[in-house]
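Q: pasting the structure only:
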């Protein structure tokens, strides 16, 4: 039997969302519930994927099934396509599994031509309505099916209104609209090269194809990437008998929510327009009335709608977003779906629904998108102020939040200005570790280069600073302290505003409002904590970050990058001295200067975490990151250190590498310079002894980075243990400590059973693991990843969302191999992915013990971990 | 029961080599054969590994077993350690599984002290002999056990000879030697700080420890790395009763081979010294006599030795290298082993032994080390001329062979000088693809930077040019056209000589002799071909290389790197024009210029290979490799192309990447610029149509590089197939072609089942696969790999010898996954590893279809493939 591609609304229900799309499944469900739904059929998502498999062709089988269902629809409605007695008009709408802006939305009034419209005009005695439908149809069809572009149609309407001396569309007469329809058809012909199609079935097939095609338009691809929607899903197409909101003054159309989508308040919220079709509400041509007004205009209809809305919310057990049309006093439901809402509303609705006894806590936890929580933790622009703001350019939304301030081009000047009380935006070509203090002092960071996981992005997210990265449109001239955007030149001190959640850059200052965590938040997060089994730790390098993360609920530090402590102004001199040392003795002398500072850092971190685990990663980046890059800075450093410029320059040049990512870094540094590992061990252990003597009970965890071979770990571990054991013995203490490793090199994952013999814990460093598994430098990939998205090679950024097929296979393999040798090994993830909900679900399912993410992602991770557990439990039942 | 760590010679045999080491197993075997062997015992290799496991301590159990075996030895010999009636003296010698220079060799006469020597002097009536033994023992023990250093001892001997007015050691009297022994002991005490040990058992334990320790001395580690000997094997220790060659004029000691190790000629070959101990022969203090002379000196002993030698060769079925001692007219055998030999001798001996009916062809194939064949294919220095040559400095033996000529510092000048008939050595900081013509014109290449798989090394091996890479000791100043080595400055035109097989660099010209492939070679290689199942292809980018490889027996091209064709002077302009193009149209215009040249190349390649398969890899390197790097060259190019300097400079800068190895290269280029893949496809297909119209039957194989995701391959394959199919259809041909991919990114290996759905063949690019699996840049690793060897973290260079544990796991996984989806998929390897015998054995065992290596490695690969098959067959039986 041939596969079934088309379903009447009466053949489906809400459970068939994958096949019928969200809109189709809910139309079927409303039909089943006996609600007033104009009848029709849904062409399945499988028809869409078949269309792509067949090379963007609707095959004969699917065409035949569509024709068959038109016949059935005609039977049900008693109307016929193109019939001059009782013509059938339909709407055609896309509907994917997940609500997805960016695709073709709607074509109304399909089925009209010169003859049919005339029949409708005569039979209804309402020629204005008939011609209004006709011109709308030509306009929409030309735009979305043939991509003629709607600007010229709008112009024609404006011209007509001017001629007739009216301001509202509704004041145009039937004749005016008839004339417009003729003009529209002429425009169509001039652009498309053929007559506007007269045959309803031809019109329908064109519209279906346009919906399928729109699944892969650039906006849809971008939206899917942002929202983790697979390109393989496809969209369904809904063909539905028209209900006419533009028939009379007892007709209308509108949208409504069962609760307020901004605040979550429990009250019907929405609006409607009298004598209008759907797109008028969206287009904003007329100002709609609030839905409460409908109680006055049409009390019966209003009451019916209130009942239906309540029934739908109870049925779906979530706030509903509904579309409806009133045709001559009769209510029709055109759509219902779980409504989009702000983060604050999402929390309130979830908590209220539990309080109302409508859903369980687990349901409530599943109702909130973890990523939404971010908005509650960062400053945002004042919504009113934002309305009048002008977008200057756009970059990547690299770190959420909003900030405004004066532009500075170096970290030093940013710090100096901030010290004077100025609000500062740091603008850089790209940031490097030296910029950290400047980033910290700024309200926000903008970079011309770099992606979502560039240095700027990673560090800004860690700090909770907003950041817009990779702004292609600007050119930064750091020497002259300017940046240009198009013709505009911005100088030091000029004011801009950044929205790190959207990537928008604005000229001038926009007022911001501080983050505000309500009572619902705490209650909700407690529910999440009571459910989840996956621990959430944080990546924090400073006591400040650690305290912030602890306040957000972090249960320890999963990654402390010790090198970030090296860049502080008071320390960098000693660090550089260590790097340019020629002998072990010189190096040890420099390290001795760093030791007390590093020990102090660790003490503070331990105190900030109040006994929670602290994983300290030993020095990781290639040493060239610590030395100055340009001749002037080298000269200055040479003077400071009493070296000749040539000598220091040669040393700095000698540190340069072809592929620093694959170079002399991580544990390779400790192999070459074991004295660095000795110093760091001493700092870690002495700090622990110190705070434990004050009554804490810290068990330090030392993490060796970039291990690819068991012998590397053995060698460095021996240095660590020899050093630590001697200090502990001398102190007469029984301090325990652990030594583990990052799994961030493919080879370490492949040989994790070997590695686990020496490592007491693994932490998956999925940033580097992704780079190496893909053979892809995250600093360079930005140049061509857009081609990859456009050509549908990648659906998402593998540095933002863990590649579960490839990198995930290694993670799974390593987890299994590690446990096979050491059943109680602690497994965690500390890459940027640790804050991504889909990755967190993967980590939960693979059985990791914890995820570690930047402080501001801790709440997201807590919720995502709870959701993963609930989904897993439900799948098992 | 405790583990047995010690074995009498009479307890072992030749099959126990792993446990007893080569020397111990053969001493046991000779004992079993009833040959005159001074008796003793062997401390097993397991005792050595136990010593390291215990933290470099000989544990009590092993010490006790050694003591027990001393008792047994005393019982067998009737002599006792330290006995004043009949004292036992022994030799202590190391003996690993594989013969391994670099370790401690021998201590003779162990057991002596002041009293024992006096007893020996009196009892033997030969005090000169007794004191000669004593001073030798103190000297050797001080040197090898206590590392006192032997220079001062030699000085004392020279001083004594001067005082006594004699020139030969043998002319020193007993009293002289007694005085020397006292002086030696004083020297020992002053250096070591304690008295020279008097107790024989203490002496023995010290010597055993010294042998174990020497297993890990730097020279041994280097030797093991060069020869693929695992560090985990350990060495055995042989303790043997002394036979004294220094007792009288009817005593002596010598070495001999059953056949000539230089030529393979079938005749006893060797030498001996009368009245001497073993080290005298090696030290060259006196000139030994040829062994034939022994027939005159001691005819009976000679005949006995000839018989034993023949018996040993027949027994071991291979040429033997023997050590023997004659004590007062009685022959003792101290060692036998398969003798080292030159490549030419190896072939002759193997072929002769088959002709003599002593071994099978398979045995013969196993007898020759594949790596040795290299020496037959390249020029070498004239051995006599080399004797007087002075090594200037040393680098990595990056490409074998020898060359001498005038130094030039740029490719252009090297080409110009070679055109004038000069012999040229190209000296560069490091080479880049632009240098290819200069490398081709040179006799040899020297670089200051880069490892065994640097550009210079890889390209030189491909061309068969000798290359010494990574010569740390020189500083190249390309601007001034000089290089310095220590205080010496070499200018353009100065003459040096390079030995690419040893890494030696010599001042001045050394005479070379051409490669000479004898008749044995061909016969031998035919045997190899008749046995092996693994195909051998070559990596060749030019018709010249392809012809060379075909002459060496290559059965096709496994890798043609098309980009190498882009660097030729006549083409680079068009290539650069393509790269700096701003639009598809501009790019296509430039590509149209390249097309006919590339098509011509492919036609010539097809013709050179005469119908064998040719795998053509599409453009792989990042584009910045093709554009000039410094401002002057950019200016020149800008003028040439009619662009402004600033514009071109910006374009060139824009191509720079942080980690080019992980950047915009491989199939990523084809995704961004599909028109490049179109051009290359057109060239490949049109060339095939052309040569096939001339009567050939070529099936082109197109290989897409750097695939990490099935969608990349799908996208590029579609471009290839659309282009190819159109050309083939237009030509009315039925030409077949294949599209496959490199597996060189870990993710591709992990998801090889997906990839195999689209790829008709896989070729493992183990260079990149190793870089990414290890997270290690081969261009940067040189800086710290020495630390890795010194600290025993790596035993071999993963870019030279495939890492079978990690990278090999991926290769195996990918081969299995690929075959699971496409059972007839062709699997090959085309990384540098393809010419490494241990890797070839791995490839055979994993079931690959072919290996592809540089032309000069083809014979090596053919033999290694045969050996792999024989070993596999034998293991199965």
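A: Here it is on my side, so go on. Every value quoted in this text rests on a predicted model; they were computed, and no experiment measured them. Numbering: from 1, shown residues only, chains lettered A, B, ... in the order given.
Q: Around residue A:249, count how many other residues there are.
A: Neighbour count of residue A:249, defined by other C-beta atoms under 10 Å in any protein chain shown: 10. Heads up, the C-betas are built off the backbone N, CA and C, glycines and all.
Q: who's in contact with it?
A: By C-beta atoms under 8 Å, 6 or more residues apart in numbering or on different chains, the residues touching residue A:249 are A:274-275.
Q: so residue A:477 touches residue A:489, yeah?
A: No: contact criterion C-beta atoms under 8 Å: residue A:477 and residue A:489 do not qualify, at 9.2 Å.
Q: Mutual contacts of these two, please.
A: residue A:483.
Q: what comes up buried for the helix or strand hosting residue A:201?
A: Assessed by DSSP states H and E, residue A:201 sits inside helix A:200-214. Within helix A:200-214, the residues that count as buried by 16 or more other C-beta atoms under 10 Å in any protein chain shown are A:200, A:203-214.
Q: try stretch A:621-631
A: Neighbour counts over stretch A:621-631 (16+ other C-beta under 10 Å) mark A:621-628 as buried.
Q: now it: how far from the chain's centre is it?
A: Computed by C-alpha atoms, centre = their mean, to the nearest Å, the separation of stretch A:621-631 from the middle of its chain amounts to 34 Å.
Q: quick one: contacts of it?
A: By C-beta under 8 Å, 6+ apart, stretch A:621-631 touches A:432-433, A:563, A:566-567, A:572, A:575-576, A:579-580, A:634, A:636-637, A:645, A:649, A:651-652, A:655-657, A:660, A:663-665, A:669.
Q: try stretch A:376-394
A: A:343-344, A:347, A:400-403, A:464, A:466, A:468, A:471, A:473-474, A:485, A:488, A:496-497, A:499-508, A:510-518, A:521, A:552, A:856, A:859.
Q: What is the longest helix belonging to chain A packed up against?
A: Ranked by residue count, the top helix of chain A under DSSP state H comes out as helix A:584-609. Counting contacts by 3 or more C-beta pairs under 8 Å, 6 or more residues apart in numbering or on different chains; DSSP states H and E, helix A:584-609 is packed against helix A:543-551, strand A:557-561, helix A:569-580, strand A:614-617, helix A:674-693.
Q: buried set for it?
A: So for helix A:584-609, counting by 16+ other C-beta under 10 Å, buried means A:587-588, A:590-591, A:594-595, A:597-599, A:601-609.
Q: sorry, back to before: wait, which of the buried residues of stretch A:621-631 is closest to chain B?
A: Among those, residue A:622 lies closest to chain B (C-beta to the nearest C-beta), at 9.0 Å.
Q: Spell out which parts of the stretch 551-700 of chain A neighbour chain B.
A: A:657-664, A:668, A:671-672 (C-beta under 8 Å from any C-beta of the partner chain).
Q: Dump the residues you listed to a markdown table, plus pLDDT.
A: Listed next are those as a markdown table, based on pLDDT from 0 to 100:
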| residue | pLDDT |
| --- | --- |
| A:657 | 91 |
| A:658 | 91 |
| A:659 | 94 |
| A:660 | 93 |
| A:661 | 94 |
| A:662 | 95 |
| A:663 | 95 |
| A:664 | 95 |
| A:668 | 97 |
| A:671 | 96 |
| A:672 | 95 |
